[in-house]
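Asker: Output the structure for:
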Amino acid sequence: MSLDLKDVAGIAHLARLHVTQADLPVYANSLSKIMAMVEQLKAADTSKVEPMAHPLAGQVQRMRADAVTETDNHAKFQRNAPRTESGLYLVPKVIE
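Answerer: Modelled structure (predicted):
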């Protein structure tokens, strides 16, 4: 896929980047090369490749224990709220 100067100018506008007219051909060339490489990568058959949990074979991620570490402070926090009802915080209506 080849990008022209108009495409690059549009992308720069959407990204809120200031690209001078002199730089547009350079960006168009570079982005076109990147798009060509992405097209090559899309052509690769990855149907038989299994997803990996870790990029290094045999490695595992260290996980912390799934245990409760804090006490329930719900009632304490509710006491500080200006208005509550049935365990919920009541706030002023701001949207009709």
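Asker: List the buried residues in the helix or strand that V8 is a member of.
Answerer: Assigned by DSSP states H and E, V8 belongs to helix 5-14. Buried residues in helix 5-14, counted by 16 or more other CB atoms under 10 Å: D7, V8, A12. For every residue, glycine as well, the C-beta is placed using N, CA and C.
Asker: Need the residues that contact it.
Answerer: Contact with helix 5-14 is made by L3, H18, V19, L24, P25, Y27, A28, L31, as judged by CB atoms under 8 Å, 6 or more residues apart in numbering.
Asker: Show me the two of those that sit farthest apart.
Answerer: The span of the contacts of helix 5-14, defined through CB to CB, is set by L3 and H18 at 18.2 Å.
Asker: out of those two, which sits in the busier spot?
Answerer: L3 (18 against 7; other CB atoms under 10 Å).
Asker: quick one: the residue nearest the centre of the chain from A9, how far?
Answerer: The residue lying closest to the centre of the chain (CA atoms, centre = their mean) is A15, at 15.7 Å. Separation of A15 from A9 (CB to CB, to the nearest Å): 11 Å.
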